[in-house]
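Sequence and predicted model, in that order:
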Amino acid sequence: MDQPKVERMLRLMMLLAGSRNYTVNELADKLETSYRSIYRYIDTFKEAGFVIHKSGDCYHIAKESPFFKDISQLVHFTDEEAYMVNRLIDGIDDTNVIKQNLRRKLATIYSISSVADVVVKTENAGNVNALIEAIQEKKQVVLKDYASSHTGKVADRKVEPYKFTTNYISVWCYDLADGRNKLFKTERMGSVKVTEKDWTNEKDHKAEFMDIFRYSSSETEEIELRLSLRAKNLIEEEYPLSGKYITREDDTHWILKTQICSPFGAARFIAGLANDIEIIKGGKIRRYLHKYAKDLSRI
């Protein structure tokens, strides 16, 4: 069986297992295939033992199907084992690249309502699941009681979510009030309400560049830092993506050369390791640190 066909069948399985019912024509449009292929895939699922229900012109996989199981059952975990795996993944530091990879791979396979119970923190699971549904269905959502660190206010935000960051900490959205693309942190959302309104600004959806310090912008500046072994180890632990941009200079020094969107993240890291980092290139970082030092001297 060719890879595109396998991918379409997996996507169809996820759509049929979701909370919304689709007609065969709607499924064909979403998967960019013919309605005849959808019928063939459904027949294949039935032959494999899935229970397929039809409501009017719509189809879905019945929950009583012997194969309709949550993620813990699908990977053959007992309840106790699933609980322990959940705790172990959740206990890994959020900056750890292995945790990010686990979350991304699990979510790729299990892009259904149960995914957040395993791959994200419990308190964010409901919000992430709602956002996954909204992205799949291309629906607008209301971020209820969003606590913005930028404005210092808690308010509802009406947005079009379209792309998560790799570790589900944030989601790219088109802010309908401001008419701009922004990152919203899932942990700052009180709740997420999926509306019946479809996206109206898809052509304007664009995820901006995100630097290794997790700042995003359409404008960037190149920086170059000389790191001690201590600084190299710490930056790779705290910001795993930095490893892609680090090269060895000699036995005791490494060079980090990358693009940044804001001086804040890099400057704050440098400030804590002033004796271990030399700024070779980065005018904005220098200016920020000089101001930071002045502010400290007034305390």
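Okay, I see it. Numbering: from 1, shown residues only.

And the pLDDT for residue 162?
pLDDT for residue 162: 92.

OK, contacts around it?
Residues counted as contacts of residue 162 (Cβ atoms under 8 Å, 6 or more residues apart in numbering) are 135, 172, 173, 174, 199, 202, 205, 207. Yep, even glycine has a C-beta here, placed from its N, CA and C like the rest.

again with residue 42
Counting by Cβ under 8 Å, 6+ apart, residue 42 has contacts 12, 16, 52, 59.

which of the residues you listed are buried?
12, 16, 59 (16 or more other Cβ atoms under 10 Å).

doesn't residue 143 fall inside a strand?
Yes - looking at residue 143 with DSSP: H, G, I helix; E, B strand; the rest coil, it is inside a strand.

For the nearest residue to it once chain neighbours are set aside, what is the enclosing helix or strand?
Spatially, and ignoring its direct neighbours in sequence, residue 143 is nearest to residue 157 (4.3 Å; Cβ to Cβ, 6 or more residues apart in numbering). Secondary structure from DSSP states H and E places residue 157 in strand 154-164.

Any regions of the stretch 1-150 of the chain where pLDDT drops low?
1-4, 18-20, 63-123 (pLDDT under 70).

where do the strands sit along it?
Taking DSSP state E, counting those that start in this stretch as the criterion, the stretch 1-150 of the chain carries its strands at 22-23, 52-55, 58-61, 139-147.

Count the residues that sit near residue 299.
By the criterion of other Cβ atoms under 10 Å, residue 299 has 4 neighbours.

what about it, distance to residue 263?
Distance from residue 299 to residue 263, counting by Cβ to Cβ, to the nearest Å: 21 Å.

Dump the strands of the stretch 1-150 of the chain into TSV; add distance to residue 233 as well.
Shown next, in TSV, are the strands of the stretch 1-150 of the chain (distance: least, Cβ to Cβ, whole Å):
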stretch	distance to residue 233
strand 22-23	50
strand 52-55	53
strand 58-61	48
strand 139-147	33
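
wait, which of those strands is closest to residue 221?
strand 139-147 (29.1 Å; Cβ to Cβ).

Now do the buried residues in that closest one.
139, 140, 141, 142, 143, 146.

repeat for stretch 252-262
254, 255, 256, 258, 260, 261, 262.

could you dump the residues you listed to JSON lines with pLDDT, secondary structure and distance to residue 194?
Output for the buried residues of stretch 252-262, formatted as JSON lines (pLDDT from 0 to 100; DSSP: H, G, I helix; E, B strand; the rest coil; distance: Cβ to Cβ, whole Å):
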{"residue": "254", "pLDDT": "97", "secondary structure": "strand", "distance to residue 194": "46"}
{"residue": "255", "pLDDT": "98", "secondary structure": "strand", "distance to residue 194": "46"}
{"residue": "256", "pLDDT": "97", "secondary structure": "strand", "distance to residue 194": "41"}
{"residue": "258", "pLDDT": "95", "secondary structure": "strand", "distance to residue 194": "37"}
{"residue": "260", "pLDDT": "93", "secondary structure": "strand", "distance to residue 194": "35"}
{"residue": "261", "pLDDT": "89", "secondary structure": "coil", "distance to residue 194": "30"}
{"residue": "262", "pLDDT": "87", "secondary structure": "coil", "distance to residue 194": "32"}
